[in-house]
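1. next comes the sequence, and after it the predicted model I'd like to discuss.
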Amino acid sequence: MKIALLGYGRMGKEIEKIAISRGHEIVIRKDANDVIDITLADVAIDFSIPNSAFSNITNCLNNNVPVISGTTGWLENYDKAVALCKEKNGGFIYASNFSVGVNIFFELNKQLAKMMSTLKEYNVSMEEIHHTKKLDAPSGTAITLAEGVIENTSKKDWVLGDETSEENSIPIVAKRIPDVPGTHSVWYNSEVDTIEIKHTAHNRKGFALGAVIAAEWILDKTGVFSMKDVLNIS
Ligand SMILES: NC(=O)C1=CN([C@@H]2O[C@H](COP(=O)(O)OP(=O)(O)OC[C@H]3O[C@@H](n4cnc5c(N)ncnc54)[C@H](O)[C@@H]3O)[C@@H](O)[C@H]2O)C=CC1
Ligand SMILES: O=C(O)C1=N[C@H](C(=O)O)C[C@H](O)C1
C-alpha cells in the first residue's frame, strides 16, 4: 500500500524501515510545513508534534484517506477528530502507544486496578521516563494507564508531580533522561510492601511495527478504532 508519513522524525524514519520491509511504498514524507497532496496515499501515519497532529488528521479525513495517529499531547481535539471521522465516514485510529507489549500492559494495569480497588491501605502512583527531546509530559501512555486505573477504582483524575494532597488523584512523575525510548511503572505502595508493574521499551521498533500493522488493518474499514480492536485483545 502507498503510505504517507506525516512527521519524518525518529518515529517516521523507524516506520519507513518497517513499512518497506513489509512490501509497502512511502509516497509522502511530510515534515514541518511541507505542502503535500495527501490523496496520493492509501493510508497516512501521523507521528508529528502536538500542535500539528489535529490538522494532519483533519486533512486526511477531509480527503477520504484513513489515518493512524501516534502523536501525543493533542487530545483536547480528539472528540472533534472522532466527529469529523464519523461525518466523513472515514477511518481513524489514535493510540498513545502502538506496541503490542504496552497494549498487553494496559490490560494488566486495568486488571490490577480492579483487584486493588477495595484495598484502601495501598496508594497508587506512576512514573514515566523518556528521552530529553520529548515535548509533552506526562506521556500519552501514562495518561492511558491513569485512565485505566480511574475506570476501575475510586480515583477521579491524575496530577503531574510526585505528591498530591488530593486523595482522589493519581500522581504521575515524568523523568527525562537522554536516549530512553519509554519506561512506564505503576506502583501500589502500602506501609508493608509495594506492588509494581513495569514496561520497558528497549527501542522504537515495537511502536513502529504496531503503527504499520494498524495501517494495514484499517485500509478497508470505516470507523474510529483503537489498538485493542487491531490486536483483538479481549
Ligand atoms: N503512540 C506511540 O506508540 C508513540 C508515540 N510517539 C509520539 O509520536 C510523536 C513523534 O515522536 P518522534 O518521532 O519521537 O518525534 P520527532 O521530534 O523525532 O519527530 C516529529 C517530527 O514531526 C515534524 N513536524 C513538525 N510539524 C509537522 C507537521 N505540521 N506535519 C508533519 N510533521 C511535522 C518535526 O519536524 C519532526 O521531524 C510524539 O508526539 C511522541 O510522543 C512516539 C513514539 C511512540
Ligand atoms: O515521545 C516518545 O518517545 C513516546 N511517546 C509516547 C507517549 O507519550 O506515551 C509513546 C512512547 O512511550 C514513546
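-> Alright, I've got the coordinates. Ligands and ions are numbered 1, 2, ... in the order given.
2. and for the residue in the chain that ligand 1 sits nearest to, the neighbour number?
-> Ranked by C-beta to the nearest ligand atom, the top residue of the chain for proximity to ligand 1 is residue 9, at 1.9 Å. No exception for glycine: its C-beta is placed from N, CA and C like everyone else's. Counted with other C-beta atoms under 10 Å, the neighbours of residue 9 add up to 14.
3. these two touch, right, it and residue 47?
-> Yes. Contact criterion C-beta atoms under 8 Å: residue 9 and residue 47 qualify, at 7.1 Å.
4. state the distance from residue 153 to residue 5.
-> Counting by C-beta to C-beta, to the nearest Å, the gap from residue 153 to residue 5 is 39 Å.
5. who's more crowded, these two?
-> Counted by other C-beta under 10 Å, residue 153 and residue 5 do not tie: residue 5 has more neighbours, with 25 against 17.
6. so what's the more buried one up against?
-> 12, 15, 16, 26, 28, 29, 30, 44, 45, 47 (C-beta atoms under 8 Å, 6 or more residues apart in numbering).
7. can I get those in TSV including distance to residue 206 and pLDDT?
-> Shown next, in TSV, are these (distance: C-beta to C-beta, whole Å; pLDDT from 0 to 100):
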residue	distance to residue 206	pLDDT
12	16	98
15	12	98
16	16	98
26	20	98
28	24	98
29	22	98
30	23	97
44	21	98
45	15	98
47	14	98
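8. how about the residues of the chain near ligand 1?
-> 6-12, 30-32, 47-49, 52, 56, 70-73, 95-98, 207 (C-beta under 6 Å from any ligand atom).
9. now do 5 Å
-> 6-7, 9-11, 30-32, 47-49, 52, 70-72, 97-98, 207 (C-beta under 5 Å from any ligand atom).
10. show me which of the residues you listed are buried.
-> For the residues of the chain next to ligand 1, a burial check counting by 16 or more other C-beta atoms under 10 Å picks out 6-7, 11, 30, 47-49, 52, 70-72, 97-98, 207.
11. can you tell me which of these end up in helices?
-> Among those, DSSP state H puts 11, 52, 207 in helices.
12. the last one and residue 96 touch, don't they?
-> No. The pair formed by residue 207 and residue 96 falls short of the contact definition of C-beta under 8 Å, at 10.4 Å.
13. farthest residue from the center of the protein?
-> Most distant from the centre of the chain: residue 192, at 34.0 Å, with distances by C-alpha atoms, centre = their mean.
14. list the contacts for residue 135?
-> So residue 135 contacts 49, 50, 73 (C-beta under 8 Å, 6+ apart).
15. report how many residues lie close to the second one.
-> Residue 50: 16 surrounding residues under other C-beta under 10 Å.
16. for it, which non-adjacent residue is spatially closest?
-> residue 73 (3.3 Å; C-beta to C-beta, 6 or more residues apart in numbering).
17. so how far is residue 103 from that neighbour?
-> 20 Å.
18. counting neighbours, go ahead and name the busier of these two.
-> For residue 73 versus residue 103, neighbours defined as other C-beta under 10 Å are more numerous around residue 103 (21 against 18).
19. that older thread, tell me the SS of the residue farthest from the centre of the chain?
-> Here residue 192 is coil, with the state taken from DSSP: H, G, I helix; E, B strand; the rest coil.
20. pretty sure residue 7 is touching residue 28, no?
-> No. Applying C-beta under 8 Å as the test, residue 7 and residue 28 come out as separate, 10.9 Å apart.
21. so which of the contacts of residue 5 sit within strands?
-> 26, 28, 29, 30, 44, 45 (DSSP state E).
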